[in-house]
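> Fold the following for me, if possible:
(one chain, ligands or ions: 1)
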Amino acid sequence: METNNNQLLKYCRNVLDENRRGDYTIPSGKIYPHQWLWDSCFTAIGLRHYDVARAQRELESLLRGQWDNGMLPNMIFAPDFRYCLERTFWNSSGAVNATKSIATSCITQPPMLAEAVVSVGQKLSQHDRQLWYRKMLPPLISHHKWLYAEREPNNRGLAVQIHPYESGMDNTPTWISELLKYHHPWWRPIYKYLPLDFLINLLRRDIKPGNKLTRINNFDSLLYIDILWRFRRRQYDIKKILSHDRFLVEDLAFNCILIKANRHLVAIAKEINRALPEELLAGMKRTETALDELWDNQTQSYYPRSFKQNKLIKETTIAGLLPLYSGAISQKRAKLLVGKLLDPQNFGANYPVPSVALNSKWFREKRYWQGPTWINSNWLIIQGLRDYGFDLEADNLTKTSLELVAQHGSNEYFSPITGAPVGAKNFSWTAALTIDLLESE
Ligand code: GLC
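Below you'll find the predicted structure:
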């Protein structure tokens, strides 16, 4: 594998070229053939260093999928005939607010767009940046207004997520533990007697012989599909979903990213002398205040909250470190989180940062979001460390992240114990964020 930085940069650019599909970049050839929301944002953050026009197009192309109500879907489907089953399953045309020009999923993902817009803006001249901001601010405002209008019931301050895919960390233990508690379709008790595994494996693009333990299991993913099916039957009507479902989470990672995105929105508007709507500013304030409700004094940690039960979900996952990225916590708490990051019982693995704490009963070295190290969450933590002045820790995490990719390639995720590459090869956000980390060194 490539050793020096120039070779690594070249290798990463090649990955992004290989995954390029015209104006946008897919996460990885075989498994992820569509455009994903936060993937494209991370990709643009890397692209900006050597092709700022392509980075702009990457983000603009996300707007193709924006719904009339401002929602940004987590997936915009590739038009190929091969994927017609997925498009038909979601049936976005059945949703009142969906864009009619292109097939999309009907749920969202963490709101990374504002961060990506600002990152790309940093690479433009003042004149071009202002033009860029003028173009991107209206869709950003409409996206954030949608988040507050539809996802912040009762003005509680935190955005509610309706499906684990919305967290971007599909099978993270906080969501899976809620799922197992609150989602009981009729077929659940008899699932183990049904010979479904063979059939499901055939349908899943991510399952190959020998990799079952590195992916979300079939039972959980069937429950996920079941939930989506119910959404579809309700034509994705958020009022009905919020009033009927018990499986709703105020996700910690999502809300930390929202807080940071809100701050970016304010900065963008200020630079081009635009005012943000008053009700949006009020919502932003509520979110910053409400973050404190996710703090648990006893364990000195932040957790997501189960929306209907109004209870913290006390599983120790990578999301617990993301308040660092939000920038909205005190220096004292930031220091406590850094302590957990470095603690060998907690997140201080050989190849940090594991997506679940090493001492959690949920920890699985190679299973997707239940243990492996991901470069995008490392990147978010590095930004937070720098913000709070933990430069040494940020440098160390940058170094170990770059080593992983230099030694093993641009994989989707890695074992935090041995550094072994897992998941899809040639994964776009790993390559893009490696470029960003190299260029920011
Ligand atoms: C998986 C990940 C999600 C990502 C998507 C495409 O669903 O959990 O975060 O956006 O793959 O890469």
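
> show me the contacts for the closest residue to residue 342 other than its chain neighbours.
The shortest distance from residue 342 to any residue that is not its chain neighbour, by C-beta to C-beta, 6 or more residues apart in numbering, is 4.9 Å, and that residue is residue 348. For every residue, glycine as well, the C-beta is placed using N, CA and C. With contacts defined as C-beta atoms under 8 Å, 6 or more residues apart in numbering, residue 348 is in contact with 341, 342, 358.

> Which pLDDT does the model give residue 348?
pLDDT recorded at residue 348 is 98.

> same thing with the one 5 residues further on?
According to the model's per-residue confidence, residue 353 sits at a pLDDT of 98.

> circling back to that earlier point, out of the contacts of residue 348, which are inside strands?
The members of these all map outside strands under DSSP state E.

> picking that back up, I'd guess the residue nearest to residue 342 is in a helix, am I close?
No - secondary structure assignment (DSSP: H, G, I helix; E, B strand; the rest coil) places residue 348 in coil, not in a helix.

> Just the buried ones among the contacts of residue 348, please.
Among the contacts of residue 348, those that count as buried by neighbour count (16 or more other C-beta atoms under 10 Å) are 341, 358.

> CSV for the contacts of residue 348, including pLDDT?
Converted to CSV, the contacts of residue 348 look like this (pLDDT from 0 to 100):
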residue, pLDDT
341, 98
342, 98
358, 98
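
> among the contacts of residue 348, which are in helices?
When helices are assigned by DSSP state H, the members of those inside them are 341, 342.

> would you list the contacts of residue 348 in TSV and tack on distance to residue 430?
Output for the contacts of residue 348, formatted as TSV (distance: C-beta to C-beta, whole Å):
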residue	distance to residue 430
341	20
342	23
358	22
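
> now, which of the contacts of residue 348 lie close to the ligand?
On the criterion C-beta under 6 Å from any ligand atom, none of the entries of these sits beside the ligand.

> Just want the residue of the stretch 1-150 of the chain that's nearest the ligand.
Closest residue of the stretch 1-150 of the chain to the ligand, C-beta to the nearest ligand atom: residue 27 (3.5 Å).

> And the nearest residue to residue 49 once chain neighbours are set aside, how far from the ligand?
Distances taken as C-beta to C-beta, 6+ apart place residue 439 nearest to residue 49, at 4.5 Å, with adjacent residues excluded. Here the distance between residue 439 and the ligand works out to 22 Å (C-beta to the nearest ligand atom, to the nearest Å).

> For the stretch 1-150 of the chain, what lies in contact range of the ligand?
Residues of the stretch 1-150 of the chain found near the ligand, taking C-beta under 6 Å from any ligand atom as the criterion, are 27, 32, 36, 38, 39.

> Just among those residues, which is most surrounded?
residue 39 (29 neighbours; other C-beta atoms under 10 Å).

> host element of that one?
Assigned by DSSP states H and E, residue 39 falls within helix 37-47.

> Can you give the distance of that helix from its chain's centre?
Offset of helix 37-47 from its chain centre (C-alpha atoms, centre = their mean, to the nearest Å): 11 Å.

> so after it, what's the next helix or strand?
For helix 37-47, the succeeding helix or strand toward the C-terminus, using DSSP H and E, is helix 52-60.

> on contacts alone, who are the packing partners of that following helix?
Applying 3 or more C-beta pairs under 8 Å, 6 or more residues apart in numbering; DSSP states H and E, we find helix 52-60 packed against strand 24-25, helix 37-47, helix 113-121, helix 126-151.
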